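> output the structure for:
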Amino acid sequence: MTQSTKPTVLAIDDNAEILRGIRGALTSNGYEVDTAQDVFEAQQKMDNQLYDLLLVDIAMPLADGLTFVEQTMKNHSNAGIIIISGQAGTPELIRMIRLKVDDVLLKPFDKQELQQIVGQTLMRRRSYKAPSVSQNELVVGPLYMNIEMRKVRWYSEDLSLTPTEFCILQTLAQAIGQYTTPAVIMQRCRNYVESEDEAAYLLKPHIANLRSKLEGEGRHPRMIQNQRGLGFMLRFAEEQ
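Next up is the predicted model:
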C-alpha cells in the first residue's frame, strides 16, 4: 500500500455527478481525492492506497455502505468515516452509532458544508500532522498555505494576512501540536532577538489579529493556544 503526502479521501457513491462535485470541492481545498461508484471498485482502491477519510453513501446497488464500512474497518481502522445519506432512518442510525462513524452528511449538501465536515473530521482524527504537499505548500486540516505565493485558504475562505501574520501562522503550522516560544517566533518572523517577555509583548498584537482572522467572528473555534512559559501552539479543536 502507498500513502500520499496530502490528506487522502475516497468517496464512494453510485451517482457520478455527486462524485464529481465531491472531487472538485475537496481537491480545491488541498486534498487528494479518489472516487468509486460501487463497493467492489472501492475495495480495489483501498487494497493499494491508505486513506485518511472515507465518504460512503448508504444506498448503493451492489451492497449497502454500512455493510461495506463494517467489513473494511478491520483493515482501515485509522480512516475517518463520513456517511452520505438521503434519509437515514432509525435502523441505519443505530448501525452508525455501533460502527462509531465520525459524521453524517445529508443529501443534498453544498460545497461549503462538505468542506467544513471533512476538515473537522480530519482534525478530530488527527490522521496527519502538517504534511508538506510540496516545497512551497502546507496543508493542516482546513488550512492551506502556498509559501511562495503567500496565499492562505482557511476552510473555503481566502485570508488576507500581513507578512508577519503569514510567517507566524507558517511557523505554528510547521510545528503543529507543539509549543513555540515568542522569542523563536520573533527571531524567525522579524529577525528580532530579545528576552521572552519583550518578544511576547511585541508578538501579542500580531497573534490577536491572526486569531481574529482565523476565528472569523466566531464561525470557527480558537486554534492558536498559548501557555505562559511555553509559548504558542496551533492545535486541533478537540484538544482545547
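> of all residues in this structure, which one is nearest the centre?
Against the mean C-alpha coordinate of the chain, by CA atoms, centre = their mean, the closest residue is Gly141 at 2.2 Å.
> what about the nearest residue to that one once chain neighbours are set aside, which helix or strand?
Spatial nearest neighbour of Gly141, excluding adjacent residues (CB to CB, 6 or more residues apart in numbering): Met123 at 4.4 Å. Just so you know, the C-beta spots here come from the backbone N, C-alpha and C atoms, and that holds for glycine as well. Assigned by DSSP states H and E, Met123 belongs to helix 111-125.
> which SS state does Glu217 fall under?
On the three-state scheme (DSSP: H, G, I helix; E, B strand; the rest coil), Glu217 is labelled coil.
> ok, the residue nearest to Gly141 touching Tyr155?
No: judged on CB atoms under 8 Å, Met123 makes no contact with Tyr155 at a distance of 11.0 Å.
> mutual contacts of the two, please.
Here Met123 and Tyr155 have Pro142 as joint contacts, going by CB atoms under 8 Å, 6 or more residues apart in numbering.
> quick one: name whatever helix or strand follows the helix or strand bottoming out on mean pLDDT in the chain.
Taking mean pLDDT, DSSP states H and E as the measure, the chain has strand 132-134 as its least confident helix or strand, at a mean of 47. Scanning forward in sequence from strand 132-134 by DSSP H and E, the next helix or strand is strand 137-140.
> same for that following strand, what does it pack against?
Packing partners of strand 137-140 (3 or more CB pairs under 8 Å, 6 or more residues apart in numbering; DSSP states H and E): strand 143-146, helix 163-174.
> of the ones you listed, which stretch is the most buried?
With neighbours defined as mean count of other CB atoms under 10 Å, those peak in mean count at strand 143-146, which reaches a mean of 21.
> indicate each strand paired with it and its parallel or antiparallel sense.
Here strand 143-146 has these sheet partners by DSSP bridges: strand 137-140 (antiparallel), strand 151-154 (antiparallel).
> weakest of the ones you listed in terms of mean pLDDT?
Sorting the strands paired with strand 143-146 by mean pLDDT places strand 137-140 lowest, at a mean of 79.
> how does the protein divide into domains?
8-125, 132-239 (automatic domain parsing).
> quick check: phi and psi at Asn226.
Main-chain dihedrals, Asn226, degrees, to the nearest 10: phi -140, psi 150.
> when you give positions from now on, start the count at 360
Renumbered: residue one is now 360, and that last one reads Asn585.
> relative to Leu528, how far out is it?
From Asn585 across to Leu528, the span is 14 Å (CB to CB, to the nearest Å).
> then Glu576?
Glu576 is 18 Å from Leu528, by CB to CB.
> do the same with Asp461
26 Å.
> before we move on, what about Asn505?
12 Å.
> do the same with Leu569
Distance from Leu569 to Leu528, by CB to CB: 6 Å.
> same deal with Glu507?
From Glu507 over to Leu528 (counting by CB to CB), the distance is 15 Å.
> for Tyr514, same thing?
14 Å.
> what segments of the protein are strands?
367-371, 391-395, 412-416, 439-444, 462-465, 491-493, 496-499, 502-505, 510-513, 516-518, 583-586, 590-593 (DSSP state E).
> excluding its backbone neighbours, what's nearest Leu593?
Leaving out its chain neighbours, Leu593 is closest to Leu531 (CB to CB, 6+ apart), at 3.9 Å.
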